[in-house]
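> predicted model, plus sequence, below.
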Number of protein chains: 2
Amino acid sequence: MKIVIVGASGAVGRTAVEALSGRHEIIKVGRSSGDLQMDIEDTDSIRGMYRQVGRIDAVVSAVGHVHFGPVHEMAPEQFMEGIVGKVLPQVNLVLEGFDHVTDHGSFTLTTGVTNRDPILGGSCAAAANGALDGFVKGAAVEMPRGIRINAVSPDVLEACRAQYDGYFPGHAHVSNEAVGLAFTKAVEGCLSGQVLIVE
Amino acid sequence: MKIVIVGASGAVGRTAVEALSGRHEIIKVGRSSGDLQMDIEDTDSIRGMYRQVGRIDAVVSAVGHVHFGPVHEMAPEQFMEGIVGKVLPQVNLVLEGFDHVTDHGSFTLTTGVTNRDPILGGSCAAAANGALDGFVKGAAVEMPRGIRINAVSPDVLEACRAQYDGYFPGHAHVSNEAVGLAFTKAVEGCLSGQVLIVE
């Protein structure tokens, strides 16, 4: 398969690259690194990326940033960061990708743990993850030409243990291999409309 | 209790009004009807409403519109209708309401069935509902001063059976009384962080 991995240099994206390289042709997309550069918050930039890659069999999206902070101190503009930084980029990768993905191809998004196992400061993240989980379930029932759509929703990556120290007390740390297996199932498997939890 | 019900004249809002009137002081808020008028998509208008009502014990939000249509024909701007029309209005009612709700008061949002039991054309609705369900779960763990937050998520209202005929095949039709009981539980009860499903 020819697979686009957006956010390929991030901690989550790397697990998909590690799991899918070797068996497939991987096109790594990043803001400033990878095979192609793209601004995920700019729909025209997404369209440009798709024009460059041509026909592809799968799109893996491992991008997104949100606002972290107490809900009662959060301004509407800060909540919007999660919409603009995580929800719209991943949804727009799907909406703009239909003409470029082959029959029976797939989209795989990345969400996260915060809407099923909340943390302090995580209400914006929980909303963004909930939106993407919901979109995947809602879209799967009417995807054209046998195209599948799923989300991978990992708990804290082992590789991010130090970075997130103290923010996810008691949460599991998951290996790159475990997260990579979820991306493999989403891309090479048969499921659609699923949120593949890794924890 | 003194309770603000936003979207009081809508099909869902009316169930909250019916269930909570009599035992409580109800302030009905609508775009063009009710005791106070407010533009739910305008944060300044939300702030103005809160200044007018003074201290309140509970806020019930029963507002929101989204885009309906096939996902592969949906433009990014159409997806955004669900964010602007349903997610941001309800989240902003919470974010702007903290200074006006009493200790141990509550916020109750309204979501819907589409992110747990999808329908054709409902991916935008599913994303909006998922965002609000996630926000409620994420926010509940850190609400200040004992304030609670929940969502009521009804299947198709019996009162909307004709309006939605054909769009929700096989879905249950729920009575005004059943939906009103969920709002009563959210406002008068003890739960927080819950999505109260009515189906």
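Yep, that arrived. Residues are numbered from 1 along each chain as shown, chains lettered A, B, ... in the order given.
> can I assume A:Ile3 is in contact with A:Val187?
Yes - under the contact definition of C-beta atoms under 8 Å, A:Ile3 touches A:Val187, with a separation of 6.5 Å. Yep, even glycine has a C-beta here, placed from its N, CA and C like the rest.
> overlap in contacts of these two?
Common contact partners of A:Ile3 and A:Val187 (C-beta atoms under 8 Å, 6 or more residues apart in numbering or on different chains): A:20, A:58, A:60.
> which other helices and strands contact the longest strand seen in chain A?
Scanning chain A for the longest strand, with DSSP state E as the assignment, gives strand A:101-110. Counting contacts by 3 or more C-beta pairs under 8 Å, 6 or more residues apart in numbering or on different chains; DSSP states H and E, strand A:101-110 is packed against strand A:56-61, helix A:88-95, helix A:123-140, strand A:148-154, helix A:176-188.
> how much space between A:Arg23 and chain B?
As judged by C-beta to the nearest C-beta, to the nearest Å, A:Arg23 and chain B stand 28 Å apart.
> and that residue, how many residues sit next to it?
Using other C-beta atoms under 10 Å in any protein chain shown, A:Arg23 has 12 neighbouring residues.
> dump the residue contacts of it.
Going by C-beta under 8 Å, 6+ apart, the list of residues near A:Arg23 is empty.
> and the longest strand of chain A, which strands flank it?
Applying DSSP bridges, strand A:101-110 is found paired with strand A:56-61 (parallel), strand A:148-154 (parallel).
> nearest to B:Cys160, of those?
With C-beta to C-beta, the closest approach to B:Cys160 among these belongs to strand A:148-154: 28.5 Å.
> could you give the separation of the next helix or strand after the closest one from the chain centroid?
Remark: after strand A:148-154, the chain's next helix or strand is strand A:156-157, criterion DSSP states H and E. The chain centroid and the centroid of strand A:156-157 are separated by 14 Å, computed with C-alpha atoms, centre = their mean, to the nearest Å.
> packing partners for strand A:156-157?
helix A:11-20, strand A:173-174.
> again, only this time at 10 Å
Counting contacts by 3 or more C-beta pairs under 10 Å, 6 or more residues apart in numbering or on different chains; DSSP states H and E, strand A:156-157 packs against helix A:11-20, strand A:173-174, helix A:176-188.
> the first one versus helix A:176-188: what angle between them?
It stands for helix A:11-20. If you take axes from the mean of the first three to the mean of the last three C-alpha atoms, to 10 degrees, helix A:11-20 sits at 70 degrees to helix A:176-188.
> what residues of helix A:11-20 count as buried?
Going by neighbour count (16 or more other C-beta atoms under 10 Å in any protein chain shown), the buried part of helix A:11-20 is A:11-17, A:19-20.
> show me which of these is closest to chain B.
Closest to chain B out of the buried residues of helix A:11-20 is A:Val12 (18.5 Å), distances taken as C-beta to the nearest C-beta.
> contact partners for the closest one?
Each residue near A:Val12 by C-beta atoms under 10 Å, 6 or more residues apart in numbering or on different chains is listed here: A:5, A:60-64, A:110, A:112, A:152, A:154, A:157, A:159-160, A:176, A:179-180, A:183.
> can you select the buried ones from these in ChimeraX?
To isolate the buried ones among the contacts of A:Val12 in ChimeraX, judged by 16+ other C-beta under 10 Å, type:
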select /A:5,60,61,62,63,64,110,112,152,154,157,159,160,176,179,180,183
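> identify the bridge partners of A:Ile5.
Bridge pairing for A:Ile5 - DSSP bridges - gives A:Lys28, A:Val60.
> low pLDDT regions in chain A?
Across chain A, nothing is flagged by pLDDT under 70.
> quick one: A:Cys124 from A:His67, how far?
With distances taken as C-beta to C-beta, to the nearest Å, A:Cys124 is found 4 Å from A:His67.
> joint contacts of the two?
A:74, A:78-83, A:85-86.
> now restrict those to buried residues only.
Counted by 16+ other C-beta under 10 Å, the shared contacts of A:Cys124 and A:His67 give A:74, A:79-83, A:85-86 as buried.
> what subset of these is also close to chain B?
Residues of these in contact with chain B (C-beta under 10 Å from any C-beta of the partner chain): A:74, A:79-80, A:82-83.
> check those and tell me the two furthest apart.
A:Met74 and A:Ile83 (12.7 Å).
> shared neighbours of those two, which are they?
A:67, A:124, B:91.
> list the residues that contact A:Ala162.
Taking C-beta under 10 Å, 6+ apart, one finds nothing in contact with A:Ala162.
> so for A:Cys124 and A:His67, which sits in the more crowded spot?
A:Cys124 (28 against 21).
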